[in-house]
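from the sequence below, what's the structure:
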Amino acid sequence: MAPTTRSSSSSENYSKTFDPTGKDEETIKKCILARTEEYADMYDEDLWNNFHEEFAAWNEETLRIAPFKTLTELRDALRTNGVYAAKGSPHPASALFAVITEPEQHIWTEEDIRYHVLRRGTPGTIKPEK
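Presented below is the predicted three-dimensional model:
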């Protein structure tokens, strides 16, 4: 039996050491989609740590190369699985970059949770601030 492999969008080209500098829109999009897919089974601190590490080399300008829809899918995947990324900012790249640059994971406020639940359903495992 042949060994199983990941889907083509999740190829090793998009490993944790992937450098987005100078990459075209299609490459950036594929990397973000691959990571969004990988994040589907991660939650809270594990997801935040992985996202923080894997996107450390990214800046807001590089994120903006990706299609708007791709960025909103990533932002929404983070939110649904317990990582706060602001909605309503001018562009999802701004919200994602804020997560990349935060020194510690944002603690969801009651207002954050209420907003998310009213618009997207119940978040995975969000723990409100005490």
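
use CA for all of it now, contacts and neighbours both
OK.

okay, and the spatially most central residue of the chain sits in which element?
Nearest to the geometric centre of the chain sits residue 74, at 4.3 Å (CA atoms, centre = their mean). Taking DSSP states H and E as the criterion, the element that holds residue 74 is helix 68-80.

quick one: name whatever helix or strand follows that helix.
helix 92-101.

now do that next one: everything it contacts.
By CA atoms under 8 Å, 6 or more residues apart in numbering, the surrounding residues in contact with helix 92-101 are 51-52, 55-56, 58-60, 63-64, 68, 71-72, 75, 84-87, 89, 105.

just the buried ones from the residues you listed, in ChimeraX syntax?
Buried residues among these (16 or more other CA atoms under 10 Å), as a ChimeraX selection:
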select :51,52,55,56,58,59,60,63,64,71,72,75,84,85,86,87,105
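
helix/strand/coil for residue 118?
helix (DSSP: H, G, I helix; E, B strand; the rest coil).

tell me the confidence at it?
On the pLDDT scale, residue 118 is placed at 83.

quick one: low-confidence ranges for this structure?
Along the chain, segments meeting pLDDT under 70 span 1-13, 15, 120-130.

which SS class is residue 103?
Under three-state DSSP, the three-state class of residue 103 is coil.

what distance do you get for it to residue 52?
Distance of residue 103 to residue 52, given as CA to CA, to the nearest Å: 9 Å.

if we can go back for a sec, and the helix holding residue 74, what does it pack against?
The contact analysis (3 or more CA pairs under 8 Å, 6 or more residues apart in numbering; DSSP states H and E) places helix 68-80 against helix 25-38, helix 92-101.

number of nearby residues for the closest residue to residue 52 other than its chain neighbours?
Computed as CA to CA, 6 or more residues apart in numbering, the closest residue to residue 52 that is not its neighbour in sequence is residue 100, at 5.3 Å. Residues near residue 100, counting by other CA atoms under 10 Å, number 24.
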